[in-house]
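Chemist: can't give you the sequence, but here's the structure:
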């Protein structure tokens, strides 16, 4: 009987049921997200992007942009920076690895804001020109969009609840 109690206590600690710190951001960003607001660099809201999805797993950030098609990115996050940093990495058809620099913010573990930096490719004289993406410093849609998401399905209570 005592072994069973220790097993459940151990599972409770691993699942975040204790007074311990919440899971790190790499776990918290995972899941399916729905776009609730999309601000373009022109300062206008793009209502056509609402209800689009992002599906984030441990290794892949899949973002729905045009129509129902998803684009897949590798991603890295650095929650220790201020603001928190996100890099979206994609390999184009010619083999170039392109990195889009961004910042992100998790709010109540149910909302996510991402501000995308400048694009790594621009068209100049009809040809693509590769350049380093510039990371935004605040949550304004200056060089790239500001996207606000809400989690499609709520995390279970045991996953993380902030300390009172």
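Modeler: Cool, the structure landed. Keep in mind that this is a model prediction, so the values were computed, not measured. Numbering: from 1, shown residues only.
Chemist: tell me where the chain has strands.
Modeler: 31-39, 53-56, 60-64, 70-78, 84-91, 97-107, 111-116, 121-124, 127-130, 146-151 (DSSP state E).
Chemist: average model confidence for the longest one?
Modeler: It refers to strand 97-107. Strand 97-107 shows a mean pLDDT of 95.
Chemist: so what's the nearest residue to residue 59 once chain neighbours are set aside bridging to?
Modeler: Distance criterion C-beta to C-beta, 6 or more residues apart in numbering; nearest residue to residue 59, sequence neighbours excluded, is residue 74 at 6.8 Å. In short, each C-beta sits where N, CA and C put it, glycine included. In this entry, residue 74 is beta-bridged to residue 60, residue 89, by DSSP bridges.
Chemist: quick one: least confident helix or strand in this structure?
Modeler: helix 2-14 (a mean of 36; mean pLDDT, DSSP states H and E).
Chemist: my guess is the residue nearest to residue 59 contacts residue 98. True?
Modeler: No. Between residue 74 and residue 98 there is no contact under C-beta atoms under 8 Å: 10.8 Å.
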